[in-house]
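Student: Please work out how this folds:
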Amino acid sequence: MNGLNMKYFKKMVGEKCYLSPMNVDDFEQYTEWMNDLEITSNLGTSSSVLALHSEKEFLDKLSRSHNYAIIDKETDTLIGNCGFHKVNHEERNAEIGIFIGNKNFWNKGYGSEAMKLLMGYGFNYLNLRNIMLKVFSFNERGIAAYKKCGFKEIGRRRNSLSMNGKEYDDVYMDVLDDEFRKLIIS
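Tutor: Below you'll find the predicted structure:
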């Protein structure tokens, strides 16, 4: 692919995937994913209905900050996205989030690698000291992946989500820059 036709750009590169600035033209793919109940249940957005125009506006807004498309390195296939929210440069902290919409890439290590790439960027280039996230208590796969990336549980907000007649907690996790560096070195 020549530079003029490229859809994605390798900002952060791992073994399996790379992170690219988001492409707003992917709004149709994201709209499909965001209307799939299996995918959106982990995001807590299953009750939302998203149309093409609203998803395009949302992607346009996300693409203006530290949010990146997750791309399969071998095929240049869009997998999902990850990014920082509420970046506070003065206090050197941020919240992080990830979304794997392409089910063909679930449970294959892409999410963990994408998170580590983004975390490294946050600690090394954004000068962050603390990165935090929130995950629902039923998302055991996500919690295990976050622990693999060095996150530790720091608290819960009890019964914050009601879905399918059950109550779930928000699980808050964080990681410090020195903890992440020790994990990467070992």
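
Student: Alpha carbons only: can I get the strand or helix carrying G155 in CSV?
Tutor: In this structure, G155 is located in strand 152-163 according to DSSP states H and E. These are the backbone C-alpha positions of strand 152-163, laid out as CSV (Å, rounded to 0.1, in the frame of the first residue of the first chain):
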residue,chain,number,x,y,z
LYS,A,152,-4.4,-4.0,40.8
GLU,A,153,-7.9,-3.6,42.2
ILE,A,154,-8.2,-0.4,44.3
GLY,A,155,-11.9,-0.5,45.1
ARG,A,156,-15.5,-1.2,44.1
ARG,A,157,-18.7,0.6,43.6
ARG,A,158,-21.3,-1.9,44.6
ASN,A,159,-24.3,-2.8,42.5
SER,A,160,-23.7,0.0,40.1
LEU,A,161,-25.0,-1.9,37.0
SER,A,162,-28.2,-3.8,36.6
MET,A,163,-28.3,-6.1,33.6
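
Student: ok now it, how far from the chain's centre?
Tutor: Distance, stretch centre to chain centre, for strand 152-163: 19 Å (CA atoms, centre = their mean, to the nearest Å).

Student: List the contacts of that strand.
Tutor: 41, 44, 46, 132, 136-137, 167-175, 179 (CB atoms under 8 Å, 6 or more residues apart in numbering). Backbone N, C-alpha and C define where each C-beta goes, glycine included.

Student: tell me which of those is nearest to K61?
Tutor: G44 (19.0 Å; CB to CB).

Student: in the worst-scoring helix or strand of the chain on mean pLDDT, what's buried?
Tutor: One helix or strand of the chain scores below all others by mean pLDDT, DSSP states H and E: helix 37-40, with a mean of 82. Buried residues in helix 37-40, defined by neighbour count with 16 or more other CB atoms under 10 Å: I39, T40.

Student: Would you mind identifying the next helix or strand past that helix?
Tutor: helix 52-62.

Student: Tell me the helix or strand right after that following helix.
Tutor: strand 67-72.

Student: Partner strands of that next one, with direction?
Tutor: strand 17-21 (antiparallel), strand 78-88 (antiparallel) (DSSP bridges).

Student: per-residue confidence averaged over the last one?
Tutor: Strand 78-88 shows a mean pLDDT of 96.

Student: The contacts of strand 152-163 in strands, which ones?
Tutor: Among the contacts of strand 152-163, the ones falling in strands (DSSP state E) are M132, F136, E167, Y168, D169, D170, V171, Y172, M173, D174, V175.
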